[in-house]
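In: what's the 3D shape of this:
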Amino acid sequence: MSRSFERYIIYVASGWQIVTGFITMFFYATYIKKQGVEASLGNLQFAERKGMESLFDSLFTYTVTYGLFFILIGSLNILFAKKILKDETIQYKLPLYWIGLAVICYFLSDFISVALLMTGAVIVLAKNKPIKAANRE
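Out: Residues are numbered from 1 along each chain as shown. Here you go, the predicted model:
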């Protein structure tokens, strides 16, 4: 039984994760850095200026790390879908990984990834039974 539809869904989810990671890293992080520079240019004392710079540097670092997390997860999903999700194989660990990843994306408010990952995982698990029956014959 072909697993091309599941691979396609996971590729779409991976592409979405990589795009959102790049948007987060390059646009949102740059916006945060610019806001920090503008905030530190006001009439602040030296200690207040250093505190604002430290705060915005921490926010910038967090945002870049968040974007890198999505790029890494998207890249891993492409690799897993290409190398592990083969036709005529029974999969249990990979769909459980995608369900766990969907839960993490739910808490990160990435609902598009949640929908795509859950759809891919459920279809993979649903096709296990016919593949198992075909292998017994």
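In: next structured bit after the worst-scoring helix or strand of the chain on mean pLDDT?
Out: Each helix and strand of the chain was given a mean pLDDT (mean pLDDT, DSSP states H and E); the minimum falls on helix 29-40 at a mean of 81. Reading on from helix 29-40 to the C-terminus, the next helix or strand found by DSSP states H and E is helix 46-83.
In: what is the orientation angle of that next one with helix 29-40?
Out: Going by axes from the mean of the first three to the mean of the last three C-alpha atoms, to 10 degrees, helix 46-83 is angled at 180 degrees with respect to helix 29-40.
In: skipping adjacent residues, who's closest to the residue most central in space within the chain in space?
Out: For the chain, the residue sitting closest to the mean C-alpha position, by C-alpha atoms, centre = their mean, is F70 at 3.7 Å. Sequence neighbours aside, G21 is the residue nearest to F70 in space, at 3.3 Å (criterion: C-beta to C-beta, 6 or more residues apart in numbering). Placement of C-beta: from N, CA and C, glycine included.
In: surely that neighbour touches L68?
Out: Yes: using C-beta atoms under 8 Å, G21 makes contact with L68 at a distance of 6.7 Å.
In: quick one on the thing from earlier: quick check: the residue nearest to the centre of the chain touching Q17?
Out: Yes: using C-beta under 8 Å, F70 makes contact with Q17 at a distance of 4.8 Å.
In: shared neighbours, those two?
Out: Overlap between the contact sets of F70 and Q17, as judged by C-beta atoms under 8 Å, 6 or more residues apart in numbering, is given by D110.
In: packing partners of the least confident helix or strand of the chain?
Out: Contacting helix 29-40 under the criterion 3 or more C-beta pairs under 8 Å, 6 or more residues apart in numbering; DSSP states H and E are the following elements: helix 46-83.
In: state the next helix or strand along the chain beyond the helix it packs on.
Out: Taking DSSP H and E, what comes next after helix 46-83 is helix 93-107.
In: quick one: residues contacting the residue nearest to F70.
Out: G21 is in contact with 67-72, 74, counting by C-beta under 8 Å, 6+ apart.
In: redo that, cut-off 7 Å
Out: Neighbouring residues of G21 by C-beta atoms under 7 Å, 6 or more residues apart in numbering: 67-68, 70-71, 74.
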